[in-house]
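Engineer: based on what follows, work out the 3D shape:
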Amino acid sequence: MERGDGGRATGAIEVLGREDVWHIVAKQLPLLSRAHCSRVCRAWEEVVREHGLDYRVATLCGALAQSGGPAVKRRLRGPAAEVAEVRAVLDAPRSQCRDPLSAEDWLLQILLEAPRDGWLLRGARAVAMEFDRATQLLLSVVAGDCDKVEALAAGGVVAYARD
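Structural biologist: Residues are numbered from 1 along each chain as shown. Below is the predicted model:
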């Protein structure tokens, strides 16, 4: 492997840690895969965390999409308060949909149903910021983040456009 200034290794690992590369790669990946990127190497873990992607929430959304709410609910383990927050989302009427939901749909469910002062909503808001700007607008509206909605709208985001 080629060596750069100061003996630091250059190459794939250094490229993976660049923020601009993360944006390109992340746009192509489903939510769960984005979360898994934080496990690839330290460089990507730092970039993912700097962007605010909450690994626990992204993984939960992925598990819900893959297995469904009832299966995940049976497997829940952890601190009682955290489990209670997840159960509150899973027990909400909107979460009882028979159709399979994507990880991104589950993220919306969490934004709508999670207790307002808990870890789950904080993590979901962080994860929501990883999406493209139009999706950010939708998620910000759902989350009730007026400041973010105004900022995105002022930046020219089009939430709905016809061909």
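Engineer: excluding chain neighbours, what is closest to Pro115?
Structural biologist: Spatial nearest neighbour of Pro115, excluding adjacent residues (Cβ to Cβ, 6 or more residues apart in numbering): Glu85 at 5.4 Å. C-beta: built from backbone N, CA, C; applies to glycine.
Engineer: could you give the number of residues near the one you found?
Structural biologist: Residues lying near Glu85 (other Cβ atoms under 10 Å) number 21.
Engineer: which of the helices or strands spans it?
Structural biologist: Using DSSP states H and E, Glu85 sits within helix 80-91.
Engineer: OK, contacts around Ala63?
Structural biologist: 32, 72 (Cβ atoms under 8 Å, 6 or more residues apart in numbering).
Engineer: ramachandran angles for it?
Structural biologist: Per-residue torsions, Ala63: phi -70, psi -40 (degrees, to the nearest 10).
Engineer: relative to Gly62, how far out is Leu101?
Structural biologist: Distance of Leu101 to Gly62, computed by Cβ to Cβ, to the nearest Å: 11 Å.
Engineer: out of everything not next to it in sequence, what's closest to Asp145?
Structural biologist: Of all residues not flanking Asp145 in the chain, Arg125 sits nearest, at 7.2 Å (Cβ to Cβ, 6+ apart).
Engineer: which elements pack onto the helix or strand hosting the one you found?
Structural biologist: Assigned by DSSP H and E, Arg125 belongs to helix 119-128. Counting contacts by 3 or more Cβ pairs under 8 Å, 6 or more residues apart in numbering; DSSP states H and E, helix 119-128 packs against helix 55-67, helix 80-91, helix 103-113, helix 133-143.
Engineer: now tabulate the ones you listed in a markdown table and tack on mean pLDDT and distance to Val47.
Structural biologist: Shown next, in a markdown table, are the helices and strands packed on helix 119-128 (pLDDT from 0 to 100; distance: least, Cβ to Cβ, whole Å):
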| stretch | mean pLDDT | distance to Val47 |
| --- | --- | --- |
| helix 55-67 | 89 | 13 |
| helix 80-91 | 91 | 26 |
| helix 103-113 | 86 | 20 |
| helix 133-143 | 67 | 18 |
